[in-house]
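**Student:** sequence and computational prediction follow.
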Amino acid sequence: MKFLKRTDLDCFLTAAAEHRTIYVPIDEEPNKSAYRRYKPRTPVSQGLKTTRSAKDFFFPQTENLVGFRIEDKKIKILDPRTEHEDFAVFGVRACDARSFGILDKVFLSEPVDTYYQNRRAHGLILTMTCRRPAETCFCTAFGIDPASPEGDIVFTETADGWYIEPKTEGGRDFLAPLEEFLEERDEGGAEEAKARTRETMEKLPLAGLKTDSFGGGKTKELFDRPEWASLSEACIGCGTCTFVCPTCQCYDIRDYDTGREVRRFRCWDSCMYSDFTKMAGGNPRLTQKERFRQRFMHKLVYFPENNGGEFGCVGCGRCLASCPIHMNIVKVMKTLSEGQDEQ
Amino acid sequence: MNSETLIPHAVVVEDVRIDTPDVKTFRVLTREGEKPFDHLPGQCAMISIPGVGEGMFSITSSPTNRAYMEFSIKKCGHLTNWLHMLEPGMEVTVRGPYGRPFPVEEDLLGKDLLFIAGGIGLAPLRAVINYVRDNRENYGDVQIIYGARSKDDLVDYAEILDEWQTSPGVEVDLTIDREQAGWAGHVGFVPNYVKELNPDRGKTVLVCGPPIMIKFTVAGLTELGFAPEQIWTTMELRMKCGIGKCGRCNIGAKYVCKDGPVFRYDELGELPDEY
């Protein structure tokens, strides 16, 4: 099996960056990393995951949809779409890799979102196994194996480098000009590393998280549960969970007048915000309880109901780490599951 | 036409009709003078004024009208205030059509139809009423119960008087909320009027109006013995994309923009009460 030595990573990425733009996780401050465009000799983050998810690459926080110029009384429509450049994202973990499949179900279902499709068609995903999963990780609850992520090329991490397995045509093409940086190694090391990851996952505090109480068709059982009131009581509606979430995909569409033209753009929005569903005639989700319930019902019931049982959560744990009141999907799942056992 | 559904088309406002103190009906055409696109009754479209915003409105003209497309819009918020300032010759953008229509070529075929509307709720039903009038042989008797706050708030009163009331096999029952000089017709709220009129139980019902009016009307119909499977309504929630992706118009697992806006009442009964 092909192997990339840790000491050769910089040369490997530098050579790869000649063919397409490469994004890598960079430590910006302690425990805070972000994907940045790779530049030679930039140290790649050794951390487990970036503060924000990788969804920005395909579903950026803001994006122009269409422009308008008013000429005389006529509205001129300006289509801003151009072919996206080829790029690759290095170091994506199994959770984030799965999130793209979830976003695909939204954006690539008919009618296809061509903005998303364009980025997706030009982006390669270079995933990395999780050598040191964190206490906030629970991807296995949603059937994700952090030792065997999806993606175009899988990098299985060991102490001194990575075993490399291309999984798609795009992945093989990417590696073709980079063979000189790879060496051949017995794949026993890869299996050992994978086994260790799986072993670690089993010992983590959230390993036993159960999804049995959730899924499509559970609306009637869960919607009116009294626990929503106490679970949502402290929620300040900041929306941080939705912004760091790799699968949250709600968006707003707004107009901005630049003085020369009107730009209609979309930007991330949050079901946790009070005006998310507010109309001139009223608001169907009047208090934080309804908004909070919507977010979790969507991930745990509505999304699976519409998508063949697949949950809208990948267990990355970002919301556990970032919520200012320490509320999160794990607490919601445990509370609602326990309540059900008692019934 | 563009391949991206979020990119709209510019259309010309050809005519603005003042229906009531807060409702205007806008007739739109392409610059070439054609109807912007085909639709089915009950479907909606996104209308925008660039720089102001975009909103979902039901298409009030019937698909059988090949000449133009009309939207009846009540002034009640930021975008609609701007729309009410439009004058003939100005342009807006539209995209659509969106959503599930009333099943005019399926469930409604051959049925006696009862339309119940309150205020601006007539707008989506008007498309169906005129579709049925233009395909008269495919449907049974038509009864239209329509109410508004006052005589002046009845949308498109002229069409109701001159065309609907004179149509064969069409009965029109109008009501207003309070007594008014010059009004000799019925006075009272729509849900009560429906019960007074005691319509035949075999009719298929299409109801639209303010949420509270729909709730009381359906309660009254249920009391009279109508089954939820006989009642169709059309919903309205905040929308941005119109194609089930922006994530805000859901009731449970259903998106009003693509799974609705038209729902049969038993389908709504399956959804959480969050609308």
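**Tutor:** On my side now, so go ahead. Numbers count the residues shown, from 1 in each chain, chains lettered A, B, ... in the order given.

**Student:** from B:R27, how far out is the residue in chain A sticking out farthest from the centre?
**Tutor:** Note on chain A: the largest C-alpha distance from the chain mean falls to A:D72, namely 44.5 Å (Cα atoms, centre = their mean). Using Cβ to Cβ, to the nearest Å, we find A:D72 at a distance of 21 Å from B:R27. Every residue, glycine included, has its C-beta placed from N, CA and C.

**Student:** check B:E106 too.
**Tutor:** 29 Å.

**Student:** neighbour-wise, which of the two wins?
**Tutor:** When B:E106 and B:R27 are compared for neighbours, B:R27 comes out ahead with 19 against 8, by other Cβ atoms under 10 Å in any protein chain shown.

**Student:** tell me the pLDDT at the more buried one?
**Tutor:** The score at B:R27 is 98. That number is its pLDDT.

**Student:** now do the contacts for it.
**Tutor:** By Cβ atoms under 8 Å, 6 or more residues apart in numbering or on different chains, the residues touching B:R27 are B:V13, B:E14, B:D15, B:V16, B:R17, B:S61, B:Y68, B:M69, B:E70.

**Student:** go ahead and confirm B:L114 touches B:P199.
**Tutor:** Yes. Using Cβ atoms under 8 Å, B:L114 is in contact with B:P199, at 5.3 Å.

**Student:** excluding chain neighbours, what is closest to the closest residue to chain A within the stretch 51-200 of chain B?
**Tutor:** The stretch 51-200 of chain B approaches chain A most closely through B:G77 (3.0 Å), counting by Cβ to the nearest Cβ. By the measure of Cβ to Cβ, 6 or more residues apart in numbering or on different chains, the closest residue to B:G77 outside its immediate chain neighbours is A:A280, 3.0 Å from it.

**Student:** how many neighbours does the one you found have?
**Tutor:** Neighbour count of A:A280, defined by other Cβ under 10 Å: 14.

**Student:** touching, B:R17 and B:S61? I think so.
**Tutor:** No. If you go by Cβ under 8 Å, B:R17 and B:S61 don't touch, sitting 11.8 Å apart.

**Student:** how about the helices of the chain, start to end?
**Tutor:** No chain specified, so I'll use chain A. Assignment of helices within chain A using DSSP state H yields the ranges A:9-16, A:94-107, A:114-122, A:169-175, A:188-203, A:219-223, A:227-232, A:240-244, A:288-297, A:303-306, A:318-322, A:329-342.

**Student:** not quite, I wanted chain B
**Tutor:** Secondary structure of chain B (DSSP H): helices located at B:78-83, B:122-134, B:157-159, B:190-197, B:211-224, B:265-269.

**Student:** can I get those helices in CSV with mean pLDDT?
**Tutor:** Below are those laid out as CSV (pLDDT from 0 to 100):
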stretch, mean pLDDT
helix B:78-83, 96
helix B:122-134, 96
helix B:157-159, 88
helix B:190-197, 96
helix B:211-224, 95
helix B:265-269, 95
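
**Student:** for B:Y146, find the nearest of the ones you listed.
**Tutor:** In terms of Cβ to Cβ, the element of those nearest to B:Y146 is helix B:122-134, at 5.9 Å.

**Student:** tell me which residues of that closest one come out buried.
**Tutor:** Going by neighbour count (16 or more other Cβ atoms under 10 Å in any protein chain shown), the buried part of helix B:122-134 is B:L122, B:A123, B:P124, B:L125, B:R126, B:A127, B:V128, B:I129, B:N130, B:Y131, B:V132, B:R133.

**Student:** list of residues touching that helix?
**Tutor:** Here helix B:122-134 makes contact (Cβ under 8 Å, 6+ apart) with B:41-42, B:44, B:57-65, B:71-73, B:102, B:104, B:108, B:113, B:115, B:117, B:138-139, B:142, B:144, B:146, B:155-156, B:163-164, B:167, B:170, B:206, B:208, B:234, B:261.

**Student:** just the buried residues of these.
**Tutor:** Among those, those classed as buried by 16+ other Cβ under 10 Å are B:41-42, B:44, B:57-63, B:65, B:71-73, B:102, B:104, B:108, B:113, B:115, B:117, B:139, B:142, B:144, B:146, B:155-156, B:164, B:167, B:170, B:206, B:208, B:234, B:261.

**Student:** among the residues you listed, name the ones in strands.
**Tutor:** Judged by DSSP state E, strands contain the following of the buried ones among the contacts of helix B:122-134: B:44, B:57-58, B:71-73, B:113, B:115, B:117, B:142, B:144, B:146, B:170, B:206, B:208, B:234.

**Student:** for residue 73, give me its contacts.
**Tutor:** Unless you meant another one, I'm taking chain A. Contact analysis of A:K73 by Cβ under 8 Å, 6+ apart lists B:G89, B:M90, B:E91.

**Student:** my bad, chain B
**Tutor:** Shown in contact with B:I73 (Cβ under 8 Å, 6+ apart): B:V23, B:K24, B:T25, B:F26, B:F57, B:T80, B:L83, B:H84, B:A123.
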